[in-house]
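K.L.:
all I have is the shape, not the residue letters:
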């Protein structure tokens with residue numbers, strides 16, 4: 001393993017700046033789902049299932065918006081794509097703070113649909129700025145940066161929500177998103193290499209004029225080119241990862257509220273995210289990739305013991321082995337998409353991966369919430385861990401089966 005790879009990447013100013021800007025831009029959204037959950041449970045006095053539904057509305061909105069925003073980045077550039085997000089989120093989060101629960105669901109959905117496409121922008125820009133040999137390390141570095149954000153963001157959000165109010169915190173999220181979006185627009189990281197941009201420009205220059213219907217038909221005709229069984233498998237692993245992580249978020253919050261120690265959430269998140277950083281450092285320094293499906297299975301397997309935690313201390317301790325696989329599975333899925341999809345379609349593919357992440361979260365939060373309401377926090381951890389393990393195991397077995405079939409064809413040939 002070569003830890004020096006990280007130093008070499010961080011010595012490059014564009015990469016260093018991209019990671020830093022990505023971390024700053026992710027801060028508001030890192031707390032949004034958890035604060036929305038706390039707002040529904042604490043301020044609106046609803047159950048965890050209702051809170052999970054609100055969080056699911058937010059993540060489904062992101063799932064709907066991610067491919068559309070990724071396609072816009074490919075077509076019209078970053079700044080024009082981000083401007084509607086800056087306006088919409090700046091208006092909608094303060095509204096979400098004061099509407100009743102029934103109106104909160106559609107507002108959360110629209111917030112999600114117009115969410116800043118941070119994931120797509122950062123991952124796509126990494127694929128442009130960094131060569132194939134260093135991508136594993138670069139994606140691991142981005143995942144590590146994300147974990148640092150999740151050490152600070154949710155803990156800060158819960159502190160504000162419990163010491164001031166969840167309404168104040170939701171307004172603060174809206175203001176922070178506006179500042180993050182304007183910062184990202186100012187930085188304007190590259191999303192296509194010069195070669196790809198020149199090729200796209202030349203292609204557009206010589207292409208005959210077509211009407212909108214013909215253009216839509218042509219776009220649909222070429223879109224399946226990058227959508228293969230391998231990319232679908234990566235999307236499934238992406239969804240499984242966030243299913244576990246979102247469900248674990250709810251399980252941790254529920255466990256600490258049940259014991260009257262919700263103020264200790266930052267301690268648990270610190271150990272969970274710090275171990276993820278260690279896991280990301282190890283993965284990024286490796287010379288060979290690891291299957292995202294296998295990493296997902298291991299994430300579920302080591303999340304399962306968190307169901308048996310009886311105190312803040314044991315919950316934090318059991319979060320450590322689970323955390324070791326968080327950053328690696330996120331980095332592995334990003335690396336796989338960059339390897340499988342050509343650059344001129346990568347924004348859309350990263351958008352669909354973002355959709356997979358958010359769909360996983362949309363399932364994980366309400367699933368864990370419903371199980372917590374039914375049988376307590378332990379059931380929430382167990383449900384998402386087992387389901388994630390099933391998805392990971394199915395993906396890994398399918399990968400081995402495909403390899404065996406290909407090997408058989410090669411032998412017969």
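P.N.:
Noted; the coordinates are in hand. What you see is a predicted model; the values in this text were computed from it and never measured. Residues are numbered from 1 along each chain as shown.
K.L.:
drop to CA atoms for contacts and neighbour counts, all remaining ones
P.N.:
Will do.
K.L.:
which helix or strand in the chain has the lowest average pLDDT?
P.N.:
helix 212-222 (a mean of 39; mean pLDDT, DSSP states H and E).
K.L.:
which element follows that helix toward the C-terminus?
P.N.:
Next in sequence after helix 212-222, counting helices and strands by DSSP states H and E, comes helix 229-258.
K.L.:
residue ranges with poor pLDDT in this structure?
P.N.:
Across the chain, the ranges flagged by pLDDT under 70 are 1-3, 193-225, 343-344, 346-347, 405-413.
K.L.:
for the most centrally placed residue in it, give me its contacts.
P.N.:
Nearest to the geometric centre of the chain sits residue 357, at 5.1 Å (Cα atoms, centre = their mean). Neighbouring residues of residue 357 by Cα atoms under 8 Å, 6 or more residues apart in numbering: 63, 235, 238-243.
K.L.:
got these as JSON lines, with neighbour count and distance to residue 190 columns?
P.N.:
Listed next are the contacts of residue 357 as JSON lines, based on neighbours: other Cα atoms under 10 Å; distance: Cα to Cα, whole Å:
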{"residue": "63", "neighbour count": "27", "distance to residue 190": "23"}
{"residue": "235", "neighbour count": "26", "distance to residue 190": "24"}
{"residue": "238", "neighbour count": "29", "distance to residue 190": "24"}
{"residue": "239", "neighbour count": "27", "distance to residue 190": "27"}
{"residue": "240", "neighbour count": "32", "distance to residue 190": "29"}
{"residue": "241", "neighbour count": "35", "distance to residue 190": "28"}
{"residue": "242", "neighbour count": "27", "distance to residue 190": "27"}
{"residue": "243", "neighbour count": "29", "distance to residue 190": "30"}
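K.L.:
need phi/psi at residue 289.
P.N.:
Backbone torsions for residue 289, taken as degrees, to the nearest 10, come to phi -70, psi 160.
K.L.:
number of nearby residues for it?
P.N.:
Neighbourhood size, residue 289 [other Cα atoms under 10 Å]: 12.
K.L.:
and residue 318, what does it touch?
P.N.:
303, 305-306, 309.
K.L.:
which element is the residue nearest to the centre of the chain on?
P.N.:
Element membership for residue 357 (DSSP H and E) is helix 346-375.
K.L.:
just want the angle from that helix to helix 229-258.
P.N.:
If you take axes from the mean of the first three to the mean of the last three Cα atoms, to 10 degrees, helix 346-375 sits at 40 degrees to helix 229-258.
K.L.:
tell me where the stretch 1-150 of the chain has strands.
P.N.:
Read by DSSP state E, counting those that start in this stretch, the stretch 1-150 of the chain holds no strands at all.
K.L.:
isn't residue 108 right up against residue 53?
P.N.:
No. Assessed by Cα atoms under 8 Å, residue 108 is found out of contact with residue 53, at 10.0 Å.
K.L.:
please report how far residue 318 lies from residue 311.
P.N.:
According to Cα to Cα, to the nearest Å, residue 318 and residue 311 sit 11 Å apart.
K.L.:
including distance to residue 129, could the contacts of residue 357 go into JSON lines?
P.N.:
Putting these into JSON lines (distance: Cα to Cα, whole Å) gives the following:
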{"residue": "63", "distance to residue 129": "26"}
{"residue": "235", "distance to residue 129": "23"}
{"residue": "238", "distance to residue 129": "23"}
{"residue": "239", "distance to residue 129": "26"}
{"residue": "240", "distance to residue 129": "28"}
{"residue": "241", "distance to residue 129": "26"}
{"residue": "242", "distance to residue 129": "26"}
{"residue": "243", "distance to residue 129": "30"}
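K.L.:
which one among those residues gets closest to residue 402?
P.N.:
residue 235 (17.0 Å; Cα to Cα).
K.L.:
mind listing what the closest one touches?
P.N.:
By Cα under 8 Å, 6+ apart, the neighbours of residue 235 are 333, 352-353, 356-357.
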